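J.: Next come a sequence and a model predicted from it.
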Amino acid sequence: EVQLVESGGGLVQAGGSLRLSCAASGFTFDDYAVGWFRQAPGKGREGVSCISSTDGSTYGDSVKGRFTISKDNAKNTVYLQMDSLKVEDTAVYYCAARTQGRTDYDYWGQGTQVTVSS
């Protein structure tokens, strides 16, 4: 069974840092890209970052220079290091996986809440 489980969310003050984890089971990252998305209350889902099966990474404009995506193949886990957090980063963060080369995400986690206070 394929499963993605996010962890690491919480409450942090503006300017602080958090590291989110996305633990995968039932598949490996050899053939999958993993993305992070977020959804704030009353807003649509936003793409945050993505890491490909060959470790190429992309970032949304709103997080460039502040967030870093990485992965540990041995642990089958993808991380999102979030620094210089802003109040507007408050959202539920989801990780998702898609077959490398495709655009649709096949698997989604349940999400983890990140709240940034002023």
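T.: Looks like it arrived, so ask away.
J.: For E46, which non-adjacent residue is closest in space?
T.: Residue nearest to E46 in three dimensions, not counting chain neighbours: R38, with 5.4 Å by C-beta to C-beta, 6 or more residues apart in numbering. Backbone N, C-alpha and C define where each C-beta goes, glycine included.
J.: Kindly apply the preceding question to L18 instead.
T.: Using C-beta to C-beta, 6+ apart, the nearest residue to L18 is M82, at 5.0 Å.
J.: pLDDT score for that neighbour?
T.: Confidence at M82, expressed as pLDDT, is 98.
J.: Same check on F27?
T.: 88.
J.: The closest residue to it other than its chain neighbours: how many residues sit nearby?
T.: Spatial nearest neighbour of F27, chain neighbours left out: V2 (5.5 Å); criterion: C-beta to C-beta, 6+ apart. Neighbourhood size, V2 [other C-beta atoms under 10 Å]: 11.
J.: V2 contacts Y32, doesn't it?
T.: No - counting by C-beta atoms under 8 Å, V2 stays clear of Y32, with 9.7 Å between them.
J.: Tell me what the residue nearest to the spatial centre of the chain is bridged to.
T.: Centre of the chain computed as the mean C-alpha position; nearest residue by C-alpha atoms, centre = their mean is W36, 2.8 Å away. For W36, the beta-bridge assignment (DSSP bridges) gives partners S49, C95.
J.: Distance check, it against L80.
T.: Distance, W36 to L80, by C-beta to C-beta, to the nearest Å: 5 Å.
J.: shared neighbours of those two, anything?
T.: Jointly contacting W36 and L80 under the rule C-beta atoms under 8 Å, 6 or more residues apart in numbering are L20, C22, V48, S49, I69, Y93, C95.
J.: Reformat those residues as JSON lines; add neighbour count.
T.: What follows is those, written out as JSON lines (neighbours: other C-beta atoms under 10 Å):
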{"residue": "L20", "neighbour count": "24"}
{"residue": "C22", "neighbour count": "26"}
{"residue": "V48", "neighbour count": "24"}
{"residue": "S49", "neighbour count": "24"}
{"residue": "I69", "neighbour count": "23"}
{"residue": "Y93", "neighbour count": "23"}
{"residue": "C95", "neighbour count": "30"}
